[in-house]
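Participant: can't give you the sequence, but here's the structure:
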């Protein structure tokens, strides 16, 4: 069954790409695992050293390639492993989020969360919520690269 | 300086002298107080329960009637209810929509809500007032009694330091009186307990008056008709030298050399606190 | 004494309508120390919160204390837990008025002397407080 | 023909000619007439003779500061005529370390706003052959006669909401400054777009951006595009796909605008340069508006000493996410 | 084309129970560049690692991907394994298919495709991995301790005893800190000075310790092993070499000002030592109080000083030194309770804070050790102690418990009884907290043997009346409101972070909690470490604590420092930023956002139109770079990149993850 067909059917499952800071949220995700919490498999995590490493182009690329939602998770402001990364990240990604919404994306499709390494429960919860929100919105077709789709189908 | 003025029920009755003296003083100070048309009750008590929206109807109607102009009252209870209702309207959208929809008025928390004392302190300035004092209250030992409603909750009322207020003392100083500070000046007088539990009010009043007397006060000022009533009527017979209770505006008018008399709570003139 | 463990509708309602959660109180009793009218109370203010915490609804409904409370807000002004006990007291009073469907106090309860002497403000606010 | 402001042009010539002669500068960036009378293009004057071609007329819209980084590679000291927007562009380049302050002489020209030929032609109706300016009005001359119009109605888009017509940085101000300006409608279009639904907004941009030819004229005109290699041309990594499709156009324009976050001086050159008329400035203005809202008022290019908002932070900054 | 090997771990049934290993292997075989795929029950075991090493040899693998538990768990293990097989450790990539997959998903139908996506992303990233080498950093064998209170003193002594050089920076003219202000210590009632002074002398005389008193840290740059610190030594206007500490100067000085050490209850001179046992015993001149500095005349101290040690021309000095490690031990403040209007602090001389009351017991204190009322000099007969003033108060104070107040209040009540035998103490408390060796016994002694009335409740308001303080309180246990005609009230105010703690934190590069106390790296397992390598914390700058706890923490921090200084070299970070200088436009935005000053401008020469052109670009100091990557985002052209998390790698991961839904 092709991806395109999949998307209209009731059992369509969204793809959520989560960029997680190595020091807090990624570890929070580990804790969710060690605590055997559960969240939807729709979420796939990419490890980054810090949310200050998050280039908005990574987010746009994900949407081009077929992501339905993107989450960036970093340390709580004030707790950055590199002391200022998330402060910078907060400004950069806030500006980007506003622009992203201005371009016509639904605000829910891109979110930033602060999740510490001790917040396994919050990690699971945020992944659950994000997935549910994206599910309710339906598949993202904005900026989706049609050619990439055909690659997807052939694989 | 132009303000809309909300009198409230008591100022047209027993506390007429507060209104008369304040209006006279305001006129002399160039403070224009324009009484709201067809005003109604201030609401009497601010509803502390979220679903008691009915009690908000009259204060919000009043606030809306001021149409964004600064709204002044003299009675501390009226001021309290209006100020808190305004804060709720600013803070709680849901309540605002319900109340304004029901009243069919437009109001979203705008306009300054002031007590006349604040007008004197902040807008006119006590310095300016000094120039208007013709008959300073020299040698008169007067203590301020604040009560509750002007001060608390301080986050909303933002009237003065809730535990160590100074506005009335500063006024008294301006009027030339000898200011006496009594530690119980911010304690409750018993409020409407005098209606149902006179004994309780007698205790609280006794403490306030004793403490003022001990500090050397010969008279008290207040901004609340109910406080004045309690201070005058609920104190126990103890054979000591009585203490006079005035509205702040009465001493204000007196010091400015304006005609006017203190009206006791029962209407008799120059009535004193203890018989 | 058996502590009520079941749900108390009064307390649940009180929590929602007053926005106050009695569980946040750690019983330092500063409210009682600050209250100017404890002399006439059968329960001290902090005990009222304790009763709320324990779900002792019936005992609360019998208490005189909520009716003694003069809403002077001194307790709320000084509470280290940022709780507004004046709101909780109001909640209990209102629930009692609403449940018992009767008024606590009306014009008939006033003496002619009181009617004549009391300031209008006292009558209006008194009726507001004691009537449904 | 546009009537030339000969008096002003003479004054400019006098001043810069002297500096060219004395060696204070060895190049002057100014304007000369283009192919048509309603076009003025950059002039690179190295001698007094070159200055004969100098003009200062209502068509000198081109932002000259943009040429500084390249010219400074071959000239040791460059003079440049700056309008309000050229001066702010200079500050932008200064802040980006693309120019050195002591190697540039700025001649300030308070700017009355430039005129838009297409608006002139439309207003004139017939074949427009020239114009005369008089007290804030413009007399349009056509084959069939004359027509008068309000000057402010004929301004090019970027000048309509210009807040700073006077140079904010200069070595020498040549004329007395223009009066204070306000731009109440600066964010009007942005706000209108904000009020649309996400779907409507996307449809709007899809329509606009689908027309992009990816000629990158917007980038070439822009004073904040100062990279040696633009991300669109990079092979490794390949940020930007080569294909002419809307997805890639979105990528380009969102990233282009984002690269100007906290840096764009709102000079409007990108939009003026766009051959297909994409309202690029609205993307830039959206970022200006939001950054001002979130992190305090900041106008890029006003003061080169003030740190751009995306290079700094406050610990209690607000965020645009649903979690603060 | 790289030659990638993929190894999938079953982790017993931890992974294999929820991820279909067979299907995963099959899918992995199809990933670009993959030449070998294998599986094992426990890949982290000795045998599992051998399996990888052998495959590297047999299949000539140049990249390895393991599908295992979290990289935070075993990345190090597998990096070591591939190194042993001759590969650079950074050519390994981990796909976290346990914590992020098999453990959080129950359905094998959903977990398997996700595991495959994670493996694909790891393989895509691995294909772009470069061999990396972590730079080595030489360790400067000298430590800096900031703060000369008991924490700083203890830490410095321990480091010095281990044989390393240590500098102690103290802002005040003398070391000693808060402990020097105390009369006695609980629960033993040792005289504070008697146990502290010998330590102060010991640290001052230790050959490995340099005391920099009346000094402040101005700047900290660098990183673990090599912190470059600027210290400002403020001018004392007294030559420390000439000064004999005779004290004639402050005896003769005519200018008086409130004494900080005495909490403003007494005056000191403009030239002064803060307290008699000060170390070093060298006075300083307070410019703001000195008549000579204010009005240009006086100079009495200079005239009277026998060794002529006064030097009005002395200037502040900047000392620049390199340290291998830093301990921050900057202590705490007491909350000013003036905003509690009901307590009337600051409005009546007989309403004191605990520390102020403490000074009344001290023989060199404001009352010469007599416990008397400051209003009339009479000994107080009824003293009310109020606990939790500002602590446990989310409305107007601090949410936390200040931990020491229950104990010092009991102590002060006991001391009071000893000094004024007919005095009666009343303690208003919410809870009495006495966890600690001998603490509960001590507090009980106060209540049982020293006649201290513990009243469970709080005080509503204090009403000053003629010659006494009317305290309105409540005892919730009896349900009685209580009024006490007190002679004195002592407020056990909250211990709070120093007002300038956030600034110190920023300066040093460590972060704080919401109360501005410095954060430890882990609340349980790393109590003295911070998130910044090489910087440690000790004492009440981390949270309120008593002396034994402070000393224990100081020794712990010292051990960490000694461990660090015992190494000659430290391994730096391999994943650092790198610049392509040819494409760098030199806008220097990266420099502006780098938290470690690792990026700096540098001029290069370049051919241009036949000639050469000088232009500015940036360079990265890899030993300073921590690899946060913040620079990469402000670099619009991607000219500055992060090794190990490069733009190419992250984009490849995005592409790979999005490939299969």
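Facilitator: Arrived safely, thanks for sending. Nothing here was measured: the structure is a model prediction, and the numbers come from that model.
Participant: Centre of the chain to stretch E:551-560, how far?
Facilitator: Relative to its parent chain, stretch E:551-560 has a centroid offset of 13 Å by Cα atoms, centre = their mean, to the nearest Å.
Participant: any residues touching that stretch, and which ones?
Facilitator: Here stretch E:551-560 makes contact (Cβ atoms under 8 Å, 6 or more residues apart in numbering or on different chains) with E:150-159, E:162, E:325, E:327, E:329, E:527-529, E:536-539, E:542, E:545. Every residue, glycine included, has its C-beta placed from N, CA and C.
Participant: now swap in stretch D:140-147 and tell me
Facilitator: With contact meaning Cβ under 8 Å, 6+ apart, stretch D:140-147 is reached by D:120, D:123-132, D:139, D:148-149.
Participant: Buried residues in that stretch, which are they?
Facilitator: For stretch D:140-147, the neighbour count (16 or more other Cβ atoms under 10 Å in any protein chain shown) marks D:140-142, D:147 as buried.
Participant: secondary structure element for the residue of the stretch 151-275 of chain B found nearest chain D?
Facilitator: Using Cβ to the nearest Cβ, residue B:155 is the residue of the stretch 151-275 of chain B that sits closest to chain D, at 20.4 Å. Using DSSP states H and E, residue B:155 sits in helix B:154-157.
Participant: quick revisit: give me the ChimeraX select line for the contacts of stretch E:551-560, limited to the buried ones.
Facilitator: Remark: buried members of these, expressed as a ChimeraX selection using 16+ other Cβ under 10 Å:
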select /E:150,151,152,153,154,155,156,157,158,159,162,325,327,329,527,528,529,536,537,538,539,542,545
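Participant: Now, the contacts of stretch E:551-560 that are in strands?
Facilitator: Among the contacts of stretch E:551-560, the ones falling in strands (DSSP state E) are E:325, E:327, E:536-537.
Participant: now, which of the residues you listed sits nearest residue E:231?
Facilitator: residue E:327 (14.5 Å; Cβ to Cβ).
Participant: Check the contact between the closest one and residue E:561; I expect there is one.
Facilitator: Yes. When contacts are counted by Cβ atoms under 8 Å, residue E:327 is listed as touching residue E:561 (6.3 Å).
Participant: which residues are common contacts for those two?
Facilitator: Common neighbours of residue E:327 and residue E:561 (Cβ under 8 Å, 6+ apart) are E:143, E:155, E:536.
Participant: Need these in JSON lines (columns: distance to residue A:34 and pLDDT).
Facilitator: Output for the shared contacts of residue E:327 and residue E:561, formatted as JSON lines (distance: Cβ to Cβ, whole Å; pLDDT from 0 to 100):
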{"residue": "E:143", "distance to residue A:34": "36", "pLDDT": "98"}
{"residue": "E:155", "distance to residue A:34": "35", "pLDDT": "98"}
{"residue": "E:536", "distance to residue A:34": "28", "pLDDT": "98"}
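Participant: For whichever residue of chain A sits closest to chain C, I want the exact helix or strand it lies within.
Facilitator: Closest contact between chain A and chain C, by Cβ to the nearest Cβ, is at residue A:121 (20.9 Å). Assessed by DSSP H and E, residue A:121 sits inside helix A:120-137.
Participant: quick one: contacts of that helix?
Facilitator: By Cβ under 8 Å, 6+ apart, helix A:120-137 touches A:13-14, A:16, A:18, A:25, A:28-35, A:37-40, A:42-43, A:68-69, A:71, A:73, A:106, A:108-109, A:111, A:113, A:115-116, A:140, E:104.
Participant: what about 7 Å?
Facilitator: A:14, A:16, A:18, A:25, A:28-29, A:31-32, A:35, A:37-40, A:42-43, A:68-69, A:71, A:106, A:108-109, A:111, A:113, A:115 (Cβ atoms under 7 Å, 6 or more residues apart in numbering or on different chains).
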